[in-house]
Structure formats: C-alpha cells, structure tokens
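>>> Take a look and give me a structure for this.
(4 chains)
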There are 4 protein chains.
Amino acid sequence: MIYSFLNDYSESAHPDILAALQDSHLQQHTGYGFDDYSEQVRENLRQQLGNDDQHNDIAIHFGITGTQANLVCIAAMLSPIDGIIACTSGHIAVNEAGAIEATGHKVITTHATDGKLTVEAIEEIRQRHAFKPHVVRAKAVYISNATELGTVYSYDELAQLSAYCRDHDMYLFIDGARLGAALASDAQQAQVTLADIAKFADIFWLGGTKMGAMFGEVIIIPNKQLAIDFNIYLKQHGGLLAKGYLLALQFDILLRDNKYLEMCRHANSMAQQLATALQGKGCELFVKTQSNQVFAILPQALIDYLEDYFAFYTWEKLDDDRSVVRFVTSWATPQAQIDRFVAVLEAFSGK
Amino acid sequence: MIYSFLNDYSESAHPDILAALQDSHLQQHTGYGFDDYSEQVRENLRQQLGNDDQHNDIAIHFGITGTQANLVCIAAMLSPIDGIIACTSGHIAVNEAGAIEATGHKVITTHATDGKLTVEAIEEIRQRHAFKPHVVRAKAVYISNATELGTVYSYDELAQLSAYCRDHDMYLFIDGARLGAALASDAQQAQVTLADIAKFADIFWLGGTKMGAMFGEVIIIPNKQLAIDFNIYLKQHGGLLAKGYLLALQFDILLRDNKYLEMCRHANSMAQQLATALQGKGCELFVKTQSNQVFAILPQALIDYLEDYFAFYTWEKLDDDRSVVRFVTSWATPQAQIDRFVAVLEAFSGK
Amino acid sequence: MIYSFLNDYSESAHPDILAALQDSHLQQHTGYGFDDYSEQVRENLRQQLGNDDQHNDIAIHFGITGTQANLVCIAAMLSPIDGIIACTSGHIAVNEAGAIEATGHKVITTHATDGKLTVEAIEEIRQRHAFKPHVVRAKAVYISNATELGTVYSYDELAQLSAYCRDHDMYLFIDGARLGAALASDAQQAQVTLADIAKFADIFWLGGTKMGAMFGEVIIIPNKQLAIDFNIYLKQHGGLLAKGYLLALQFDILLRDNKYLEMCRHANSMAQQLATALQGKGCELFVKTQSNQVFAILPQALIDYLEDYFAFYTWEKLDDDRSVVRFVTSWATPQAQIDRFVAVLEAFSGK
Amino acid sequence: MIYSFLNDYSESAHPDILAALQDSHLQQHTGYGFDDYSEQVRENLRQQLGNDDQHNDIAIHFGITGTQANLVCIAAMLSPIDGIIACTSGHIAVNEAGAIEATGHKVITTHATDGKLTVEAIEEIRQRHAFKPHVVRAKAVYISNATELGTVYSYDELAQLSAYCRDHDMYLFIDGARLGAALASDAQQAQVTLADIAKFADIFWLGGTKMGAMFGEVIIIPNKQLAIDFNIYLKQHGGLLAKGYLLALQFDILLRDNKYLEMCRHANSMAQQLATALQGKGCELFVKTQSNQVFAILPQALIDYLEDYFAFYTWEKLDDDRSVVRFVTSWATPQAQIDRFVAVLEAFSGK
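Residues are numbered from 1 along each chain as shown, chains lettered A, B, ... in the order given. Below you'll find the predicted structure:
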C-alpha cells in the first residue's frame, strides 16, 4: 500500500470539524458571511490580534481556496498601474495559472534566499521601478510563510520587511497557505504569533485547507484602507460562499484553544523525524526543514525504492543520478507511517 | 420563532451528504479533481447524457460557487471582443458584482418575457451588433433555468434558442443554479431532461448549493471547443478546490437514483402549496409559480403581519400599499412550516 | 459629386496646424509629453481654468483617440468593484467595442432625456446599487457634452449633476469628443466655459479630432486624487505618444485666442442652416439641433434623392416610410455645400 | 548646443511625409481604416509579401503606438490561460508599464543571448509549463528585431524560432519597433526581407515612429486565425484612429521604393561610424553594433565630457568608474553631428 506524502490536503478534515458539521445540521443560517458563526470567529480573532485601535475592529473575511485568497487580496490592494514583488519561486509567480495577471497585475520577480525574499532584493526592484511612466509601480510585496520550500521567516526578518514596506509606501502581503505550520515551527529564533503577523502585514490570510479544514482561508486585513468593501471583491471573483457559515464553523473549531497550532506542531514534528531519518542515512537536505515540508537530495536508486511504498513529488532533477524530492506531512500523518518510512529506509540501506 | 423563506441555501446539506463525508474520512485522495470520486461522477453523468460521440466523453468539471461557475464558463467561452446576451433581470447582469466585466466581457442586456429570453429579443441585439468594429460581437446567449423569477423554459423554448444560436454561430450557456428545480418542475409542457439540456447547450452547470449540497456546481461542456484545458480556467480564477473530491462526493449522493430531482420536487411542491394558499386569500401572483420560488403581490398590512412569523424578501415596491415579495422553498422546507404559513394567513384574514 | 455629412473627421486638419507642423520640422524634442510644447499648452490651459488652488496646478495630459481617452480615464478613476453610470445611448455603453469592460468595469445604463442623463435617473441606479456585496458600486457618472444626439447640457443641468455627484461621493466624468461644439453652442441658456467644465467635472477631456486636429484629445483632471501617475495609465494602454509634442503643437494652435471655439461656431452654424432648411420643407427634427449634428425625420423618397448628392447616416428606421437620419457638419464644411443642400432640397420639392 | 542621441523619435517626420499631408489637405476620407490610402498600402504590401495563397490576402492594419501594437496583437493572439515568452530584457517584460498584464496575460521571462531569445531557452520554459492546470500555457513567443540591445536576428535564427514554434503549436510574434533598422542591417549573414518576416512570423508589426513617420505602426498578420475581426481589438483598446488615412498616407511614402530601408541604412551607418570612433579611442562595445543603437562601455570622465555636447542615455552602471551608455541614431541624424562627435572624442583624448 502506497502512503502519500505528496501534500497536506489529501485527507478531508479533522474529525472535530465533521462533528461540528453534524451538530449544526438543519439549522437555518444567514448567507454570505453575515451569519453568527462568522461573527463569532471574527470576535475571537480580534481579541487574539490585539485590542488597540488598529486591531479591535480589524476586517476579517472568509475565502475558499488559496489561489482565490491571493488573487482577491491583490485585486483589492493594487491600482491597475501597480505590480507586486515576489521571489521567482513564489506561488503567485509560478503556480497560480496566471491568476494575478488575469486581474491585470504584473508579478515582479526577484531572487530569493532559502525561498525567502530579502529587503535587498526588494530595494533593487524598487529602484528599477522608478522609471516612470514606462514601468508599473512596485507597490506591494508578496511573501508566503512558510515559504514554498518550507522555510520560515524569523521575527526579525518579518520586522525588517514590514518596516521597509512602510518606509516606502508599499504593502506587505503574506500568503498563509501554511501559516499555521510557520507559527508552529520550532525554527523561529523568536516565537512569532498571529498577533505579530497582524502587526507586520497590511493584509494576510491563514489557510485552513492545509491544516485540517475541508477547505477555506480566513483573510485578515490590518490595513483599514484595504478593507473597504472587501466582500465585493470576494463576490466579484466568485469567492463568497452562499453558505459562508460552513467556513466559519470550521475555523471556529481550528481556532478554539489554538487547536490549529497543535495540529501543525504534529505535522512539523512528523517532517522533522522524516528529515532526521534521511540525514541519518547520508541524504543531504536541499534546505533546512523548518515546517511540514522536507526537501532532500536523494539518489535515483533510493527514489525508485521508496516509490514502491510512498508517493512524493520529484521537485527538480539535479543530475543523472540525483534529484530533489519533497515530502509533505500533515495533521493527519500517522506516526506509524513515519516509522514505516524509517523502516523502508533501513531496508534500502541493508540491501 | 421566525422561519426563513429567504432562500434555498439556509441549511447546510442533506443528511446523506454529511454521512458520506463521515464515511470517506481519513482516506487519502488525489487533489484538484483528479480523484476517483470525480471520475465516477463523470462516468455516471456521461451515461445519463447519452452515448453518442458528442456526449460519451463530454468534459465535466466541478466549480465551487455559482458566480464562479458563471465567470469561468464565460471566460472560457468568449474572446476579448465578444459579449454575452442576457435579459436585464439575468443574474450576470445585476447581481454578480461585476464578475463578468471583471473578466473583460460586456453583458449585453435585453428585455425578458416572464423572466425568459426570447429569440426575437436576441435577434434585435444580433443585428445591432453587426456594426463592426465599433461594437463587441454578440457571441453567446446566457439564460438561467429556472429563471430569476422562478419561471421555467419549455422544451420548445429551449429548442428554439438552441437552434437560433447554432444558426448564428453563437453559444448557448445555461446557468443552472436552480436547474434541478427546473427539471423537477411540473410546469414544463414537455418534460425536459438533463440529457436534453446537454443537447441544447454548449456549456451549462447544475448547481448543488441550492439543492442540498454544502456547496458546489457541476459544469458540463457539450461543446468540445469550449472544453479544452477548462481546468486551467478554473484554477486561474481560484475555482479549483484542492480537495476536489469533496465536490464529487456530494454530487455522487445527489445524482444517485436522481435523488436531486426528488429533493427538488419536494421544494417545488412546497412552493406550489404556498402559492395556492396566497391565491386562495386573494393575493395575485407576480409570475406563475413554476419551481421553488413564489413571487406574489401582497398588501403592506399582510407583509407586516407575516414578518412576525417568516422571513422573506421584498422584491419590488409597486406602490404605497403593495409590494412584490419572494418566498423561496427548498429540499429542507418542512411541510409543517407550510401548514403554519397557511394558518398564519388564515389568522390574518380572520382579523 | 457626393459631399459627405457622415461625420466631423473626414478632413485631416486645419491649415494652421499643418503649417505649424512644417515650422517645427527637424527640431529635436523630448518624448512622452515632457516637451516644451506640452508644458506650454498646460500653462495656457491652467490660466484659462482659474488660478485658485484647485486649478493652478491642474494635471493635463494628451491622449490620441476618444475611445482611449475614455478607457484610460475610467481605468484611472475606478476601483475594480466600481461601475460607471451612462445613458443607454452613451458612447461607452454602445460603440466602444467593449473598451470599458475590457478594463474590467461595468457600464451601468439608464434612460436618457433628449440624450442627456438626469439626476433622477442616477438616483434610481444609486439606490439599486446599495445591495452590497452583490453589485458593483455606482461610483462615477459618464456624460458626453455635446451628447450623442448633438444636444447640449445647460449650466444648470451640469451644476446639478456635479452637486449630486459630490454629495454622493461619485465622480463626474465628461467625454468631450464634441466639447468644443457644446461650448460654442448658442443653445445654452447660460453660457458655459471651459473653466466651468473644470469646476463641475472630476475629470474630462477636450477632443481635437472632431474640431480640426489631425488627432488628439487633451485630458484635464481637476480632481487631484485621479491625477496621480496618470501618465502610467496612458502608457499602460498604449496612449502615450512617443512624439507627444505633435499632440501639444496641435492644441497650441486650437487654443490660441480660442480658435477652436470659432471653428466650432462655424460648424454649429452650418448645422443650424441645414436644420432650418429641412424644417422649412416640413421635415421634423428628431431632437433640437444644438450643436453640429442634425437629427431629422425624413421620408424615404427624400433620403433616396439626397443620397445622390450627399453622404449621411441613417440612424434609425422609424417605419416603412420614415427614418431618422444624421447630418454632421464641421469646421471644414463649406457654406457652398450647405447652399447646395438647400438647392437640392428645393429641387426635390419641385419635382 | 546639445545634440540628442537619446532616441530615434526626437524629430517629427520625414519632409516627404509632411509634404504628402499638405497635398491631401481638405479632401474627405472614410474613417477607421476603410479609406483608399489604407487599401492602397495594403495592396502594395501584399505584393511585396508574396502572391501565394497564404499572403495575397494577408490582413494588414494600422496601429498608433508601439505599446499598443504589442498589447493589441497579444490580446488577439492569446486565450486568457495563455502566456507569452519573452527574454528578461524584452520590451513587453520591462518597459510597457504592465500593458500585457493589463490585458490579463503573463509574460514568461527567460534569459537572452546578446539580447536575443534562443530555442533552448524557450524549450526550458515549454517543459516547465506542461504542469497543468497550475500554470499558464506557453502559447506564444515574443521577440523584437532589432532587439532592445540593437542586435539583429540572422535568417537562420529566425527560421529556427519559427520552425520551433510551428512544431509546438506556438505563435511567433515579432515586435518591429525597429524592424526597418534590422532589415537594413549589414550584420545579417543572409539578407532578411519583409517577405521573410511574413513567412516566419504569425503576426508582426513594422514601426513607423522610429523610422521617420510622425507616428504609426503597420500590423501584418500572416496567420489567418489571428486576423479575424482584428480591427475590433484595435478599437477596443483605443487603437483605431478615426482619421486612419493619416497612418496609411505616411506608410505610403515610407514604403514607396523601399524608402524606409534607405532611411534606416542611413541611421545604421551613422551608428556604425559612432561605434567605430568609440572603439578607435579604446572604448569597448557592450554588444556588437548591428543597427542604429550603439551600446558602449565608457569611463565616467568621458561620459561627463560628452554630456556637454550630446544627450544620451546611461543604460547601466557597471562599477564606480564605468557605465554602459546608449547612443541612438536615426534617419534624421546629420553626418555633421557624427563628425562633431568624433571631434569631441578627439578633444577629450587630447586633454
């Protein structure tokens, strides 16, 4: 039997979410995010994000998919003459099927360091984009945390990016498809909280799909300018669920007692064990494992052997013999499958 | 206690769907619509739609919301210089927050008869849009069935629209937010089947949201030209659910033994009872009740009285004393609430 | 020989403009609107528009075509969730080949009175568009002056529209394809000046194409918010001419001593004579002739007879025997052709 | 006095063009490209492009600016889910103010060799963009000839690109802002003609602005699929000049006896002299001078010295002492200014 480490959305949802669905059955709800569940999640989050003037009435909306959260946030953020900076491996730069361009915006790409965008790289872009009127304005910065490579921004890195953006009248947008995994990461020198993220970003989202929801992302907009009539943007792009309470209901479960962090810590821990096992067998990591994704450099023979037991993604062929492969763990990954992975590795070594 | 007739998406989902969710729990699935559930629903539908060359490999995809199904289908159908004809009350013309224009397309509006578009109205538009290069091409026709007014196209009306479109190199697109209700309607002189719809339309969708799914719409594309790489369009607009099997799983339940038709027949029957009750008390209908929506002309005193017991939508104020109100029933509407409605009507008359 | 009354852009340009082109020959100029000619036209216009704080540094740019001026102004004015109100006969609503929708915006149409938009019609739309988040915001109002029917807004009508827009946080945009003809019209009860237009509108343009320039439109932006980086919008839509000085050079001639008004008065006077002649022969006007367009209701026999001598446009067929036809005069229309028209009319009557 | 080598659009137009404008004065013309001048230019070009079935009715249109020609061609060429490949220095990738993205399309960038795109670079992109449905389709290839660096594609390079595109169902689009300079270049091993370009490309344009027209570009569409209703695309983007005959009239002059080639040869020769003079003084060229642009690496002292006599553009700072500068010559560059440049260089050396 093949167990899949292909991604963190192979299983439907955490049992508590399915149970909550049952409990709410046949009640009538108001549509389009005006329901009680949604209001309650908003209230809970606002308390968590701070009770200063900036945050106690912070706008909070619910999106359905990550691509949509990204495109809607960017549509709401940018003028037609604005572009958004991302690193070349950024999700909006490569794997959103042109979603950002379809809303009319240029994704301005630059190099990353360990999958992370730096102030220096942004500054280069900003200078080049002063050549008006021949270029789009470099008006926003896109990062994902955790990144596409599973790396995690430190408190200081986030603080620097945020300060730079504010100094230069740019927005900082954080794609949170795996924000839970980042917040749950041991790798951060200083612990970063959801409240910190809300302090640093102008707009960001916390993804449910990859941390145990059936689907759904909660979009949080600290910058009040970007929050005006945001739900019309959602509606315009087909992102306003008629039964919006189904989104809130799921986040109600995930956010209760920070259950999502606990679930993400499990995923991260499974990844860590997997990375350690590979390193123990002499496999080099492509980048440090900081969340629930493991990127490792494996010989082809090992890849072939593993594929009889596990599904995973070959990220990049390095040469005839070696490739970077990706293993993704999740809230649902059983310890038993990690143990099995270790055993299979042993078996391969023993051949 | 206020019971809501505001719409047909107040309740989450049919119990069988919630049960199926439980059953599939913790299984691993392939993402983005490449899973077994999706394949199975496609197979079942294809058998139902006909086994001629045109239909036995018909493209079938899953969307999440109605606005999105509409915008993605139109994006996939039209060139940038093409517009789509709809009646002035058409959903894409008024209540999609500019979703179609946001994909760059003009919605060309014309008058309707009982909420339905006619060949004559389309022909007027087509002639006006021959004035090249100053106008967009009138390339597609949008109808919803049931319509925004709950009326239902007859077999002949659909056949005429379809023939007209084919004769003039235009596409016929059917918004099926309430297609179930239309197919279940007694009002159709000749019974129309899903296979007929697939024969008449170039592209259409069957909505789950308003007939007992948590969410989701199945998009069916009889015209092979419009089907090419359709899932990239979905992805580009954020309409490709990572856990796409959740969509298919729901339609698997709804389509099994045409369960959705049975559920829609219930909704229609509830609406019919409600309409009959109103007529019995001397209230005129604004349009004939043909599916699960009742549009009636009510005096203000009755509206005020009913509002203590039921929620419903005031559609249009006719004069100081009378308004058109809308009551929507659904698969979940209990007979008891209809009986209560009748009783409340009686009580008002007896005052 | 057929003389054309089809439109006001049949002849290339006023002789003074061609002469100025010769004079500037082989000089080197800075590109993209940063040249001395452009600066000089800006200065001249600013003095004319008023030396209060609002207008003495008003942003002024040069566009190339009318469609482009419209689409660029609207792109710069609206958020993606905003629509613009126009009357059903408005140029952006019918004859711009979907240019506005191609920038993502809905043109919200409403009825006109004599080709003119009224505050009452706008108010209806505004109320309907309060149904958030299901509709676009009705954020701007589009009028053209003179209108598509050649009618002209009075001072009071403009003042009311402007006041209404400011009261409701909406922009007023004036398409000035034939603004010269409107400003030169005798029909206005109170004389309206370019400075008045700049006071009433948030953004507007004065068209050169139809009043003796080879091409070109000057875009004037009294609302400072809409002026930010406007030339990037022009560039993005291909509306920034490399040799921008060619645009300014033409407007320098047209604006000198209000030469354009003198030219437009000629055109209007030719139209007036033509209208009077038609009325003298018993032909009813479709609308009052207030600028350089004559809309008259003619019997088919007369239309057929005239077509041997003149080209003109049949606007609308009224019945089997009568049609509305349009005659357009221009700065270049010779008195001799009007006299010939009168003579041809006489000849027809004498048959 | 400062003479400008900043670009090739500083002077208005060739004297013959201004003379032709005078000659056509006060004639009446049909608008929007349906006039006799336009038809005549089309006929002349068709004869030049070949009288096989593919080319004897080739679609030919007139655009106004280069940005617009690019955006309209791309809008007409691509589906919403398609991207276009360009090298990182390509004009559509950097200096069009997001014009392509504003039409909804991703510009997929890759590395260039001497400013030129290679089949190898395209193949890499094509393979990466097979990852459906997560990426846009790599459907077209954009090159400019001459390139942004003034280099020129050889016959073989063009033939290879064209063959590759046809083999892989991709379109080849050639931006011809400086196509005249390329066709007039001595650098091409095998002489390339306009007919060759029409054979290789699916769609391309020949720019007038930079070779002696006041403005205007002629768009040629060998691929019949891309030609359908092309003028609606022009109109939609504000690129259809009412007085379109002004565009054709200019190209009539430029194309007569290949006058444009003669003018471009002059420009290229001026550039060659300038390059030779710089090399004679020990300055290295950044790339070989193959058309009317010279990119040379100059010490700061020389740059400072030259700036008292000539205007030119500093392209890129290499280090504290040296920069790449760009000199552009044109049809209007007098031999006397080249001689003066040589003398100034001498004077600098003699210091």
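>>> Look up the closest residue to the residue of the stretch 51-200 of chain A found nearest chain B, ignoring the ones flanking it.
The nearest approach of the stretch 51-200 of chain A to chain B comes at residue A:68, 2.6 Å away (CB to the nearest CB). C-beta coordinates here come from the backbone N, C-alpha and C atoms, glycine included. In space, and not counting its chain neighbours, residue A:68 is closest to residue B:238: 2.6 Å by CB to CB, 6 or more residues apart in numbering or on different chains.
>>> what's near enough to touch the one you found?
Going by CB atoms under 8 Å, 6 or more residues apart in numbering or on different chains, residue B:238 touches A:63-72, A:99, A:237-239, B:68.
>>> Name the SS class of it, please.
coil (DSSP: H, G, I helix; E, B strand; the rest coil).
>>> of all the residues in the stretch 101-250 of chain A, which ones are close to chain C?
Counting by CB under 8 Å from any CB of the partner chain, the stretch 101-250 of chain A comes close to chain C at A:103-104, A:132-137, A:229, A:231-236, A:240.
>>> thinking again about what came up before, how many neighbouring residues does the residue of the stretch 51-200 of chain A closest to chain B have?
27 (other CB atoms under 10 Å in any protein chain shown).
>>> re earlier: I'd like to know which of the contacts of residue B:238 are part of strands.
With strands defined by DSSP state E, the entries of the contacts of residue B:238 inside them are residue A:63.
>>> nearest to residue D:258, of the contacts of residue B:238?
residue A:99 (46.4 Å; CB to CB).
>>> Not counting its neighbours along the chain, what's nearest the closest one?
residue A:71 (4.4 Å).
>>> How about residue A:288?
Nearest to residue A:288 is residue A:151, by CB to CB, 6+ apart, at 6.8 Å.
>>> Touching, the one you found and residue A:116? I think so.
Yes: counting by CB atoms under 8 Å, residue A:151 touches residue A:116, with 6.0 Å between them.
>>> got the contact list for the residue of the stretch 51-200 of chain A closest to chain B?
A:99, A:217, A:237-239, B:237-239.
>>> just to revisit the earlier point, so how far is chain C from the residue nearest to residue A:288?
Look at residue A:151 and chain C: by CB to the nearest CB, to the nearest Å, they are 33 Å apart.
>>> Give the helix, strand or coil label for that residue.
With three-state DSSP as the criterion, residue A:151 reads coil.
>>> count of residues packed around it?
Neighbours around residue A:151, by other CB under 10 Å: 24.
>>> got the contact list for it?
Residue A:151 neighbours (CB under 8 Å, 6+ apart): A:114-116, A:187, A:287-288, A:290-291.
>>> what's the answer for residue A:246, then?
Counted by CB under 8 Å, 6+ apart, residue A:246 has contacts A:21, A:216, B:12, B:214-215.
>>> can you redo the residues you listed as JSON lines with distance to chain D?
Below are the contacts of residue A:246 laid out as JSON lines (distance: CB to the nearest CB, whole Å):
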{"residue": "A:21", "distance to chain D": "29"}
{"residue": "A:216", "distance to chain D": "20"}
{"residue": "B:12", "distance to chain D": "29"}
{"residue": "B:214", "distance to chain D": "23"}
{"residue": "B:215", "distance to chain D": "20"}
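>>> Buried ones among those?
Among these, those classed as buried by 16 or more other CB atoms under 10 Å in any protein chain shown are A:21, A:216, B:12, B:214-215.
>>> looking at it, residue A:46 is touching residue A:57, isn't it?
Yes: using CB under 8 Å, residue A:46 makes contact with residue A:57 at a distance of 7.1 Å.
>>> Looking only at neighbour counts, state which of these two leads.
Shown here are residue A:46 and residue A:57; by other CB under 10 Å, residue A:46 has more neighbours (18 against 11).
>>> any idea how far the more buried one is from residue A:195?
Per CB to CB, to the nearest Å, residue A:46 is found 11 Å from residue A:195.
>>> contacting residues around residue A:169?
For residue A:169, the contacting residues are residue A:139, by CB under 8 Å, 6+ apart.
>>> secondary structure element for it?
Using DSSP states H and E, residue A:169 sits in no helix or strand.
>>> Next: residue A:84.
Using DSSP H and E, residue A:84 falls within strand A:82-87.
>>> for stretch A:96-105, what is the average pLDDT?
Average pLDDT, stretch A:96-105: 97.
>>> what about residue A:232, distance to residue A:49?
23 Å.
>>> that older thread, pLDDT wise, what is the residue of the stretch 51-200 of chain A closest to chain B at?
For residue A:68, the model assigns a pLDDT of 97.
>>> Now do the helices in the stretch 151-300 of chain A.
With DSSP state H, counting those that start in this stretch as the criterion, the stretch 151-300 of chain A has helices at A:155-167, A:179-183, A:194-200, A:224-227, A:230-236, A:245-255, A:259-280, A:300-306.
>>> So for the fourth one, what gets flagged as buried?
What that stands for is helix A:224-227. Residues of helix A:224-227 classed as buried: A:226-227 (neighbour count, 16+ other CB under 10 Å).
>>> what's the offset of that helix from the middle of its chain?
Helix A:224-227 sits 22 Å away from the centroid of its parent chain (CA atoms, centre = their mean, to the nearest Å).
>>> Not counting its own residues, what contacts that helix?
Contacts of helix A:224-227 (CB under 8 Å, 6+ apart): A:58-59, A:73, A:76-77, A:171, A:202-203, A:221.
>>> right, and residue A:316 touches residue A:324 too?
Yes: using CB under 8 Å, residue A:316 makes contact with residue A:324 at a distance of 4.5 Å.
>>> Contact residues of chain A facing chain D?
A:80-81, A:83, A:94-98, A:101-102, A:104-107, A:109, A:131, A:133-136.
>>> quick revisit: check the residues of the stretch 101-250 of chain A next to chain C and tell me the two furthest apart.
For these, the farthest-apart pair by CB to CB is A:134 and A:240; their separation is 37.2 Å.
>>> Please say which of these two ends up with more neighbours.
residue A:240 (26 against 18).
>>> My read is that the more buried one contacts residue B:65, right?
Yes: between residue A:240 and residue B:65 there is a contact under CB under 8 Å: 6.9 Å.
>>> which intervals of the stretch 101-250 of chain A have sub-threshold pLDDT?
A:188-190 (pLDDT under 70).
>>> Is residue A:217 in contact with residue A:208, as I believe?
Yes: in this structure, residue A:217 is within contact of residue A:208 by CB under 8 Å, at 5.9 Å.
>>> End to end on stretch A:302-312, go ahead and measure it.
For stretch A:302-312, the first-to-last residue distance is 12 Å (CA to CA, to the nearest Å).
>>> do that stretch and chain B meet at all?
No: against chain B, stretch A:302-312 shows no contacts by CB under 8 Å from any CB, the least distance being 8.6 Å.
>>> residues making contact with that stretch?
A:2-6, A:283, A:298, A:314, A:323, A:325-328, A:340-341, A:344-345, A:348.
>>> Give me the buried subset of the residues you listed.
Buried subset of the contacts of stretch A:302-312 (neighbour count, 16+ other CB under 10 Å): A:3-6, A:283, A:298, A:323, A:325-328, A:341, A:344-345, A:348.
>>> what's the pLDDT at residue A:46?
pLDDT, residue A:46: 94.
>>> go on, the one 3 residues further on?
At residue A:49, the pLDDT value in this model is 91.
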